[in-house]
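[1] Just the structure for this:
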Amino acid sequence: MAAPMNSPRRPSEAKEEKKEYKKAIAKRPALAEGQTYYVVSSAWFKQWQKYVKDEGTDPGPIDNSALILPVDTPLSITTSPSKSSEPPLAIMKPGLLEREHYEVLPESVWQLFYSWYA
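    Numbering: from 1, shown residues only. Got it, this is the predicted structure:
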C-alpha cells in the first residue's frame with residue numbers, strides 16, 4: 001500500500017534515514033508536561049541504530065510486545081471510564097526502565113519511525 005501523499009516516505013538508504021532522524025531529534029524539546037511522547041522497545045531501537053551505522057540489518061516492523069502486559073492479563077487493557085468509545089490502551093509492564101527496556105521519543109520522531117516501520 002502506498003503512503004499518503006502528506007506522510008513521509010521511508011528513505012531508500014540507511015544513511016538518509018539517519019539524516020531524517022537527526023533532523024527530527026534536533027527539534028525535540030525537553031520532556032515537558034502536556035507534550036505527547038511515545039515509547040519504543042530499546043531492543044528494536046538499538047537494532048535500528050546498528051542498521052543506520054551499517055553494522056546491522058533492517059530492524060523490521062516496530063515491535064513493542066515485550067513492553068506490554070499480555071491481553072489476557074487482568075487489567076492489561078483498559079479504556080477511559082468517561083470515554084468508553086475510545087480504543088483500549090495497552091498497559092506497560094511494571095518495573096521497566098527507560099533506556100534499558102524502552103526509549104522515549106517525541107511525537108515527530110515517532111511519526112517518522114511509524115511511517116517507515118509500522
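[2] And the longest helix seen in the chain, what's buried?
    Ranked by residue count and defined by DSSP state H, the top helix of the chain is helix 14-26. Neighbour-count burial for helix 14-26, counted by 16 or more other Cβ atoms under 10 Å, picks out Ala14, Glu17, Lys18, Glu20, Tyr21, Ala24. Yep, even glycine has a C-beta here, placed from its N, CA and C like the rest.
[3] a markdown table for those, including distance to Ala30?
    Formatted as a markdown table, the buried residues of helix 14-26 follow (distance: Cβ to Cβ, whole Å):
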| residue | distance to Ala30 |
| --- | --- |
| Ala14 | 28 |
| Glu17 | 25 |
| Lys18 | 23 |
| Glu20 | 21 |
| Tyr21 | 18 |
| Ala24 | 15 |
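[4] and which of those is nearest to His101?
    Tyr21 (20.5 Å; Cβ to Cβ).
[5] And the pLDDT at the closest one?
    On the pLDDT scale, Tyr21 is placed at 80.
[6] contacting residues for it?
    Val52, Val109, Leu112 (Cβ atoms under 8 Å, 6 or more residues apart in numbering).
[7] Mind doing that once more with 7 Å?
    Counting by Cβ atoms under 7 Å, 6 or more residues apart in numbering, Tyr21 touches Val109, Leu112.
[8] next one: Leu97
    Counting by Cβ under 7 Å, 6+ apart, Leu97 has no contacts.
[9] Okay, it and Val104: tell me how far apart.
    11 Å (Cβ to Cβ, to the nearest Å).
[10] Check Tyr117 too.
    Distance, Tyr117 to Val104, by Cβ to Cβ: 17 Å.
[11] in what helix or strand does Tyr114 lie?
    For Tyr114, the element it lies in under DSSP states H and E is helix 107-117.
[12] For that helix, which helices and strands make contact with it?
    Counting contacts by 3 or more Cβ pairs under 7 Å, 6 or more residues apart in numbering; DSSP states H and E, helix 107-117 is packed against helix 14-26, strand 37-41.
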